[in-house]
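# Pasting the sequence and the predicted model now:
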Amino acid sequence: MAAAELLEGRRATIHWDVLESFAEKFLNVDSVRQRVVKDGNRITCAGAMASFDLTRHIIQSHLGNSMVLDIDALMLRDDPFPALQITQSQPPSTPLQQALVVMQNNTERPLTLSQISQKIACAPQKNPRAPIQSSSGRKPRPNPSAYALKRCPTIGGKHLFNDR
């Protein structure tokens, strides 16, 4: 695309191994190190693995979130959505299964936790990372999850198990 001058004055990406030489050769292209770059009606990706992200982006823009989630499930598992394999004779029996069904049916317009709780007639749970309050007035005891979060490693300043 760059050789055909289709990327002139646009942002684009290419595999990291050749990004520097690409940037030197095509000076009128804003070369960036990202997996997928969309600039107007041009989309570029950084190699074979990033092409899956690019494909997902195109499918999502044309067919929506539900289709992308279905494709993710098919690509990553032999048995897509095993928790949702519920038949007429076997309705969802646990609150988790019920919540999964509600979320799957609302992927295009995701519901809040309160809305999901209302639909399955289950009270939303309190934050498991919040300290447990003592009824005796003593200092709250530490929550094991909070302790684990302090101890867990981080990548790029973010905890591995949450986005703090």
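Noted; the coordinates are in hand. Nothing here was measured: the structure is a model prediction, and the numbers come from that model. Numbering: from 1, shown residues only.
# Count the neighbours of the closest residue to Leu69 other than its chain neighbours for me.
Nearest non-adjacent residue to Leu69, counting by Cβ to Cβ, 6 or more residues apart in numbering: Thr107, 5.7 Å away. In short, each C-beta sits where N, CA and C put it, glycine included. Residues lying near Thr107 (other Cβ atoms under 10 Å) number 15.
# May I ask you to name the longest helix in the chain?
helix 48-63 (DSSP state H).
# name the element Met75 belongs to?
Per DSSP states H and E: Met75 is located in helix 65-76.
# tell me what that helix is packed against?
For helix 65-76, the contact count by 3 or more Cβ pairs under 8 Å, 6 or more residues apart in numbering; DSSP states H and E identifies helix 48-63 as packing neighbours.
# ok, and what's touching the helix it packs on?
Applying Cβ atoms under 8 Å, 6 or more residues apart in numbering, the contact partners of helix 48-63 are 13, 35-36, 38, 43-45, 67-68, 71-72, 75.
# taking the mean pLDDT, what do you get for it?
For helix 48-63, mean pLDDT is 86.
# which parts of that helix are buried?
Within helix 48-63, the residues that count as buried by 16 or more other Cβ atoms under 10 Å are 50, 54, 56-57.
# cool, stretch 111-124 as well?
Going by neighbour count (16+ other Cβ under 10 Å), the buried part of stretch 111-124 is 111, 116-117, 119-120.
# Could you single out the nearest of those residues to Leu6?
Checking the buried residues of stretch 111-124 against Leu6 by Cβ to Cβ gives Leu111 as the nearest, at 41.4 Å.
# circling back: which of the buried residues of helix 48-63 sits closest to Leu7?
Leu54 (15.0 Å).
# In space, what's closest to that closest one - neighbours in sequence excluded?
Among residues not flanking Leu54 along the chain, Cys45 sits closest, at 4.1 Å (Cβ to Cβ, 6+ apart).
# same question, Thr44
Ala12 (4.4 Å).
# Pretty sure that neighbour sits against Ser31.
Yes: with contacts counted by Cβ atoms under 8 Å, Ala12 reaches Ser31, the gap being 6.3 Å.
# Please identify which of the two sits among more neighbours.
Here Ala12 and Ser31 are compared on neighbour count by other Cβ under 10 Å; more neighbours surround Ala12, at 25 against 22.
# Could you check the pLDDT of Gln115?
Per-residue confidence (pLDDT) for Gln115: 88.
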